[in-house]
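Peer 1: When you get a sec, could you give me coordinates for this:
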Amino acid sequence: MAEENKQIPPQFDLDAKWDACLDLTVRRFVYSSLAGAFGGLLFFRSPVTRWASIAFGAGLGIGSAYTECSQKFDGHPTKLMPPKVSVPDTPASQDGQD
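Peer 2: Predicted structure coming up:
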């Protein structure tokens, strides 16, 4: 008997989306925390401000990962497009204003 090979369409494959989001979150958390640690060592002397820069970097990483994951799950475009403004081809006539 032949086995049926059922493929799940990419827009409905939640396991792949969760795997991609988890991978993205971990990578951005680690990289931005390391960047915050490097910046803290470079710019600050106090241990409190160094830890604050690490926490700030971790927050940036988690926030950017959350934004991209919500776009993956909701299907919103990654970039916002400016609204199209229609411009009339001919200028409006100004009768009697000269």
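Peer 1: Just give the nearest non-adjacent residue to the residue nearest in space to the middle of the chain, would you?
Peer 2: Taking Cα atoms, centre = their mean, the centroid of the chain lies closest to E68, which sits 3.6 Å from it. Spatial nearest neighbour of E68, excluding adjacent residues (Cβ to Cβ, 6 or more residues apart in numbering): L24 at 6.3 Å. The C-beta positions use only the backbone N, C-alpha and C, and glycine is treated the same way.
Peer 1: And V30, by the same measure?
Peer 2: Spatially, and ignoring its direct neighbours in sequence, V30 is nearest to G61 (7.6 Å; Cβ to Cβ, 6+ apart).
Peer 1: what's the burial count for that neighbour?
Peer 2: Counted by other Cβ atoms under 10 Å, the residues lying close to G61 total 23.
Peer 1: by contact count, what packs against the helix or strand hosting it?
Peer 2: Assigned by DSSP states H and E, G61 falls within helix 47-74. With contacts taken as 3 or more Cβ pairs under 8 Å, 6 or more residues apart in numbering; DSSP states H and E, helix 47-74 sits against helix 14-43.
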